[in-house]
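J.: Sequence isn't available, so here's the structure alone:
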Ligand SMILES: Cc1cc2nc3c(=O)[nH]c(=O)nc-3n(C[C@H](O)[C@H](O)[C@H](O)COP(=O)(O)OP(=O)(O)OC[C@H]3O[C@@H](n4cnc5c(N)ncnc54)[C@H](O)[C@@H]3O)c2cc1C
């Protein structure tokens, strides 16, 4: 039995701590807050289920993309492509099961066999995008997820169906830290009437983490920088970390080996993003227009699998009639 401290009880820390506790290890979870909350888009591609289930609030099959204010592409899938989940509810339900918890700004002592860092982006040892999301209630509700790009900036606005008559709407752009102001303008432009239920912001990692050792989740840099998707990679890293310690493997090399596909896909997105940032406006628009003509690339983007294997999977799905035209 190992004595383990987990610092940070978000997606990765809570999941890891509960798996290890259930395997009989002596686990203590440290978090600055006793209740998890972090603003999020709350959507996950429908290709992963965690060992402790989350509740699904909405199933998304329809997508629309906008560029510079114009609708440029839409697609409908035959089966659920993304799910909107109750992320905070899921994490807090795991936290309630964890017997040993220390709340406050407290560092674990040195009597642990393992100290796992799951603090998310909060060490701020990487480039981040300041992102804001609003929960709004509307009468005119549509079941499609919208991603809206502005070719002057790097990032996007989103409108995700959260549950019946409720949208999760957000904004995050590399060049503009005031995502709240951009989001409020966007809401006013897009919706004739709505009631604002909540609006909050948080950073999303897009750069490499300063260090990966003993880290899981976003703390390790496990966020797809083109989409901001971090829930699934953080969960997967927690499951791999649990195996590493339970099977007494060399932790850091086991993590690198088993996260290879995800980390390669993240790296590909970082490279594409760096190219985009340096590209001049007319070429950017050309890149977008090429992207929006390609069902296969869009499908790979929606599941963050922009590598040869991912693109081949998307090709098969589309050949097999997975989308409705
Ligand atoms: C606005 C926004 C929208 C997003 N939308 C999506 C989305 O739609 N889909 C998706 O997949 N991902 C999305 N993400 C990314 C996703 O939320 C994160 O990648 C994911 O939550 C990372 O999980 P984590 O456990 O690694 O870290 P976190 O969930 O950030 O948890 C970190 C935990 O560490 C704690 N902590 C911080 N500092 C300390 C400290 N010093 N000591 C102890 N505890 C500490 C915090 O209180 C928190 O509980 C979004 C992020 C943002 C900001």
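T.: Good, I have the coordinates. Here the structure is a predicted model, which is why all the values come from computation and not from measurement.

J.: Can you classify the residue of the chain most remote from its centre as helix, strand or coil?
T.: Most distant residue from the mean C-alpha position of the chain: residue 111, 33.2 Å away (C-alpha atoms, centre = their mean). Using DSSP: H, G, I helix; E, B strand; the rest coil, the structure places residue 111 in coil.

J.: correct me, but it touches residue 3?
T.: Yes: between residue 111 and residue 3 there is a contact under C-beta atoms under 8 Å: 7.0 Å. Where you see a C-beta, it was placed from the backbone N, CA and C, and this is true even at glycine.

J.: So what's the residue count around the residue of the stretch 201-325 of the chain found nearest the ligand?
T.: Closest to the ligand within the stretch 201-325 of the chain is residue 230: 1.9 Å, counting by C-beta to the nearest ligand atom. Using other C-beta atoms under 10 Å, residue 230 has 25 other residues around it.

J.: Would you mind listing the buried residues in stretch 274-294?
T.: Neighbour-count burial for stretch 274-294, counted by 16 or more other C-beta atoms under 10 Å, picks out 276, 284, 288, 291-292.

J.: Stretch 202-216 too?
T.: 202-209, 212, 214-216.

J.: out of those residues, who's near the ligand?
T.: When contact is defined as C-beta under 6 Å from any ligand atom, these meet the ligand at 202, 204.

J.: Show me which residues of this protein sit near the ligand.
T.: So the chain meets the ligand at 7-13, 30-33, 36, 38-44, 118-120, 122, 131, 133, 170, 202, 204, 217-219, 223, 228-232, 234 (C-beta under 6 Å from any ligand atom).

J.: Ramachandran coordinates for the residue of the stretch 201-325 of the chain closest to the ligand?
T.: Main-chain dihedrals, residue 230, degrees, to the nearest 10: phi -130, psi -10.

J.: try residue 276
T.: The phi/psi pair for residue 276 (degrees, to the nearest 10) is phi -60, psi -40.

J.: That one: what's it in contact with?
T.: 154, 284, 287 (C-beta atoms under 8 Å, 6 or more residues apart in numbering).

J.: how much space between the last one and residue 272?
T.: Which is residue 287. 9 Å (C-beta to C-beta, to the nearest Å).

J.: ok, now the second one?
T.: For residue 284, the distance to residue 272 equals 12 Å [C-beta to C-beta].

J.: Over to residue 223?
T.: Relative to residue 272, and taking C-beta to C-beta, residue 223 is found at 15 Å.

J.: So which of these two has more stuff around it?
T.: Legend: neighbour count by other C-beta under 10 Å for residue 223 and residue 272, higher for residue 223 (28 against 14).

J.: how many other residues sit next to residue 130?
T.: 18.

J.: and whatever helix or strand it lives in, what other elements does it pack with?
T.: If you go by DSSP states H and E, residue 130 is part of strand 128-137. The contact analysis (3 or more C-beta pairs under 8 Å, 6 or more residues apart in numbering; DSSP states H and E) places strand 128-137 against strand 166-173, helix 179-190, strand 195-205.

J.: could you point out which element follows the last one?
T.: In this case it means strand 195-205. helix 231-246.

J.: list the helices and strands that next one packs on?
T.: For helix 231-246, the packing partners by 3+ C-beta pairs under 8 Å, 6+ apart come out as helix 11-22, strand 43-45, helix 251-258, helix 260-278.

J.: can you do 10 Å?
T.: Of the remaining helices and strands, those touching helix 231-246 by 3 or more C-beta pairs under 10 Å, 6 or more residues apart in numbering; DSSP states H and E are strand 3-7, helix 11-22, strand 43-45, helix 87-97, strand 114-117, helix 251-258, helix 260-278.
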